[in-house]
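> after the sequence you'll find the predicted model.
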Amino acid sequence: VGAIGKGYALDRVAAFLDRQGYSDYRLGAGGSSWVFRGWNADDRPWEIAWGWAKDADGDFVGQAYALPGGKPIAIGVSGTVEKGQHFLWQGAPLRMSVQSAFCSASSAAEADAISTALMVGASREGEGFLTKTPDEGIHRRCLAYVDLEGRMIYNQSFNTQFLREGRAP
């Protein structure tokens, strides 16, 4: 439930705003679940930053991206940077090999659930987990994770949308 609860709530609020005629907004819950519609206040694409670690000064380490202009998108991030090792298996902490996992999808519930699944799945199966996760539908799922050595591993959709087209200056 924790993997999709915030996302589900965001999806319901987004649906309400859509019915009320709003087309440009950003919704967030807890810093790791987001819904974006339309454009920001400057009529430009929304920009986000994905932080997966903190440096010696306590500042986030990560990358910034511009989202695809005007297209609805939901983002879910799961990781250990804020809460530490909080994934349990049979009552004991699950040994993680991933610092953070990222998913963009058509709904926030889906993005939250898949980012959590990617965090755990990639820790258990490594890069092969990306090939087992379907990348289909109208909105291709963009998946990426950062391992304990700081290497970013990602699927082709993430490469296209975020690394090639959406790299923020």
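Happy to help now that I have it. Residues are numbered from 1 along each chain as shown.
> right, and residue 48 touches residue 75 too?
Yes - using Cβ atoms under 8 Å, residue 48 is in contact with residue 75, at 6.6 Å. The C-beta positions use only the backbone N, C-alpha and C, and glycine is treated the same way.
> list residues touching both of the two?
34, 36 (Cβ atoms under 8 Å, 6 or more residues apart in numbering).
> packing partners for the longest strand along the chain?
Longest strand in the chain, counting residues (DSSP state E): strand 70-79. With contacts defined as 3 or more Cβ pairs under 8 Å, 6 or more residues apart in numbering; DSSP states H and E, the packing partners of strand 70-79 are helix 5-19, strand 33-38, strand 47-54, strand 98-105, helix 108-125.
> chain center to stretch 109-119, what's the gap?
8 Å (Cα atoms, centre = their mean, to the nearest Å).
> and whatever helix or strand residue 64 lives in, average pLDDT?
Using DSSP states H and E, residue 64 sits in strand 60-66. Per-residue pLDDT values over strand 60-66 give a mean of 89.
> what comes up buried for it?
62, 63, 65, 66 (16 or more other Cβ atoms under 10 Å).
> and stretch 120-127, by the same measure?
So stretch 120-127, judged by 16+ other Cβ under 10 Å, has buried residues 120, 121, 122, 123.
> for it, output the C-alpha coordinates as PDB.
Provided in PDB are the C-alpha atoms of stretch 120-127 (Å, rounded to 0.1, in the frame of the first residue of the first chain):
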ATOM      1  CA  VAL A 120      13.800  -4.100  -5.000                       C
ATOM      2  CA  GLY A 121      13.900  -5.900  -8.300                       C
ATOM      3  CA  ALA A 122      17.100  -4.300  -9.500                       C
ATOM      4  CA  SER A 123      18.700  -5.000  -6.100                       C
ATOM      5  CA  ARG A 124      17.900  -8.700  -6.500                       C
ATOM      6  CA  GLU A 125      18.300  -9.200 -10.300                       C
ATOM      7  CA  GLY A 126      20.400  -6.200 -11.400                       C
ATOM      8  CA  GLU A 127      20.100  -4.700 -14.900                       C
END
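> I'm done for today, thanks for sticking with me.
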